[in-house]
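Novice: Got a sequence here, can you build the structure:
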Amino acid sequence: MYIENSVRKKYISFWLATMFSIISIMIVVGGLTRLTDSGLSITEWELFSGFLPPLTTSDWDNYFNLYKEIPEFKEQNYSMTLQEFKIIFWWEWAHRFLGRLIGILFLIPLIIFSFKEGYKKLINLYVIFFLICFQGFLGWYMVSSGLVDRVDVSHFRLSIHLIIAFLIISLILWNYLNLKIKKNLHEKLNYYIPVFFLIFIYGQIIIGAFVSGMDAGQIYNSWPLMGNSYFPDDNEIINIFKISAFSEPSLVQFFHRNLAYIILVFYLFILIKIYKKKLKNLYVTINIVGLFLVIQIFLGILTLIFGAQIYIASMHQISSIFLVSSSVYFLFLNSN
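Specialist: Take a look at the predicted model:
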């Protein structure tokens, strides 16, 4: 994306930075919605009519009665009062409200800038808008999986929903960097190294969503061992080679732990390579990535030890945004 007009470039940069911030907030709110088991409190999509919250007693009764019809209420929250329902409702409503707000705040400026610059120059941003719209559909697709025959959403759909959100902020950040930063590094790392590093981070986010979706962080609350051994004692090693392993809470937690170790080793390999080649322009960036990686691993361990308590687990998710962002920046610096 190349914008010649310096004033418009400034406006577009500010807009992208704002969208990055709001979507990051939405990721955090989405995580809290999941951690508080609030995601199924609104049982209908209500793409437009749900923009306003319940305003009358009858509105609240209607939403609560709809919630009473799903398995989560019948099997798990059957003693819930209306006041307790309102707490989980507000989390889900806030998450959906942010989604609608993001769609509006992205579309209107995109149309305005398209008239000024032409849509061809902004085609990257139209791709992002498509992903935002697709994300809204995925959100409902995820919620719908928990309305019949189960008390929670599909962890597979949850992981897709989460990774698309991270892909969106990654693309927004990339386009922002394209507008704000001139790449003048004479010596760079092999481009595929930061690419694979970022892919590993994305993979870890997907596995992390599996852990969250199956409440796998509430078992084996010890580290570095899982109970009394390195491998969970409620499973067999051969099972890690089966597709069904991704539906086994203990194995998913095992994968999440060990992928973190692999990413750490990969990072150390990159760090050594950069210092060995004396790529001084990358020193600060790679150390920032390392800082966020260490924080992320540390918070992951705390999340595990304390049984996925809301505040610690939320901090773990917040730090993942910083880790992904710094990794995208690292990749950007090494791109052509």
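
Novice: Where does pLDDT dip in this protein?
Specialist: Of all residues in the chain, those with pLDDT under 70 make up the ranges 1-2, 4-5, 184-186.

Novice: if I look at the residue sitting nearest the centre point of it, how far off is Ser58?
Specialist: Against the mean C-alpha coordinate of the chain, by CA atoms, centre = their mean, the closest residue is Leu162 at 4.2 Å. Separation of Leu162 from Ser58 (CB to CB, to the nearest Å): 35 Å. C-beta coordinates here come from the backbone N, C-alpha and C atoms, glycine included.

Novice: Leaving aside the residues adjacent along the chain, what's closest to Asp149?
Specialist: Closest residue in space to Asp149, ignoring its immediate chain neighbours: Pro71 at 6.6 Å, by CB to CB, 6 or more residues apart in numbering.

Novice: go on, Val28?
Specialist: Ranked by CB to CB, 6+ apart and with sequence neighbours excluded, the top spatial neighbour of Val28 is Ile318, at 5.8 Å.

Novice: neighbours of Asp37, just the number please.
Specialist: 16 (other CB atoms under 10 Å).

Novice: correction: Glu187
Specialist: Counted with other CB under 10 Å, the burial measure for Glu187 works out to 11 neighbours.

Novice: what about the residue nearest to Val28, helix or strand, and which?
Specialist: Taking DSSP states H and E as the criterion, Ile318 maps to helix 310-333.

Novice: now that helix, how far from the centre of its chain.
Specialist: Here helix 310-333 shows a centroid-to-chain-centroid distance of 9 Å under the convention CA atoms, centre = their mean, to the nearest Å.

Novice: mind listing what's buried in that helix?
Specialist: Going by neighbour count (16 or more other CB atoms under 10 Å), the buried part of helix 310-333 is 312-333.

Novice: thought Phe292 was touching Phe322?
Specialist: Yes - counting by CB atoms under 8 Å, a contact exists between Phe292 and Phe322, whose distance comes to 4.7 Å.

Novice: tell me, what's touching the two both at once?
Specialist: Common contacts of Phe292 and Phe322, defined by CB atoms under 8 Å, 6 or more residues apart in numbering, are absent altogether.

Novice: Now the element after the helix ranked longest in the chain, going C-ward?
Specialist: Scanning the chain for the longest helix, with DSSP state H as the assignment, gives helix 82-117. Scanning forward in sequence from helix 82-117 by DSSP H and E, the next helix or strand is helix 123-144.

Novice: Run the angle between that next one and helix 82-117 for me.
Specialist: Using axes from the mean of the first three to the mean of the last three CA atoms, to 10 degrees, the inter-axis angle of helix 123-144 relative to helix 82-117 is 160 degrees.

Novice: residues making contact with helix 123-144?
Specialist: Counting by CB under 8 Å, 6+ apart, helix 123-144 makes contact with 1, 39-40, 42-43, 45, 47, 96, 99, 102-103, 106-107, 110, 113, 119, 153-154, 157-158, 160-161, 164-165, 167-168, 171-172, 175, all of which sit outside it.

Novice: tell me which residues in it are buried?
Specialist: Judged by neighbour count (16+ other CB under 10 Å), helix 123-144 contains these buried residues: 125, 128-129, 131-132, 135-136, 138-144.

Novice: list the contacts for the residue nearest to the centre of the chain?
Specialist: With CB under 8 Å, 6+ apart as the criterion, the residues that contact Leu162 are 27, 30, 205-206, 208-209.

Novice: got it, and Glu69?
Specialist: The contact partners of Glu69, by CB under 8 Å, 6+ apart, come to Thr43.
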